[in-house]
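Colleague: no sequence on this one, just coordinates:
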């Protein structure tokens, strides 16, 4: 239960951080959200193998949100 709560907090924090930056397009926000969620899941699974699922989820969520935002921003720039 503790892991689920912390995984949810990591996902919500990545969403909150993506909305606190400069005005962005919809693809940037969707990319940050999707990347953060996928990264948190993948990081949790990988971290579980080494006994650190929570740390893996947090790191994976942060990296995934960043990568997703960069990709989404490039899509927004192509549309404008």
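Modeller: Perfect, thanks for sending it. Note that the structure is a prediction, hence the values are computed from the model and not measured.

Colleague: Quick check: which element contains residue 64?
Modeller: helix 53-79 (DSSP states H and E).

Colleague: Run through the residues that contact residue 66.
Modeller: 32, 35 (Cβ atoms under 8 Å, 6 or more residues apart in numbering). Every residue, glycine included, has its C-beta placed from N, CA and C.

Colleague: Please apply the same query to residue 25.
Modeller: Contacts of residue 25 (Cβ under 8 Å, 6+ apart): 72, 73, 75, 76, 79, 80.

Colleague: gap between the nearest residue to the third one once chain neighbours are set aside and residue 73?
Modeller: Here the nearest residue to residue 75 in space, its sequence neighbours aside, is residue 27; by Cβ to Cβ, 6 or more residues apart in numbering that works out to 4.1 Å. For residue 27, the distance to residue 73 under the criterion Cβ to Cβ, to the nearest Å works out to 7 Å.

Colleague: any idea how far residue 80 is from the residue positioned nearest the centre of the chain?
Modeller: Nearest to the mean C-alpha position of the chain, by Cα atoms, centre = their mean, lies residue 36 at 1.3 Å. In this view, residue 36 and residue 80 are 24 Å apart by Cβ to Cβ.

Colleague: Likewise for residue 39?
Modeller: Where residue 80 is concerned, residue 39 sits at a distance of 27 Å (Cβ to Cβ).

Colleague: With residue 44 instead?
Modeller: Residue 44 is 35 Å from residue 80, by Cβ to Cβ.

Colleague: that older thread, is the residue nearest to the centre of the chain within a helix or a strand, and which one?
Modeller: Using DSSP H and E, residue 36 falls in helix 26-49.

Colleague: so what pLDDT did residue 30 get?
Modeller: Note for residue 30: predicted pLDDT of 91.

Colleague: Also residue 19?
Modeller: 54.

Colleague: Nearest residue to residue 46 in space, please, no chain neighbours.
Modeller: residue 56 (5.2 Å).

Colleague: thinking the one you found is in contact with residue 48, fair?
Modeller: Yes: in this structure residue 56 lies within contact range of residue 48 using Cβ atoms under 8 Å: 6.9 Å.

Colleague: Compare neighbour counts for those two and give me the winner.
Modeller: Between residue 56 and residue 48, counting by other Cβ atoms under 10 Å, residue 56 is the more crowded of the two (23 against 14).
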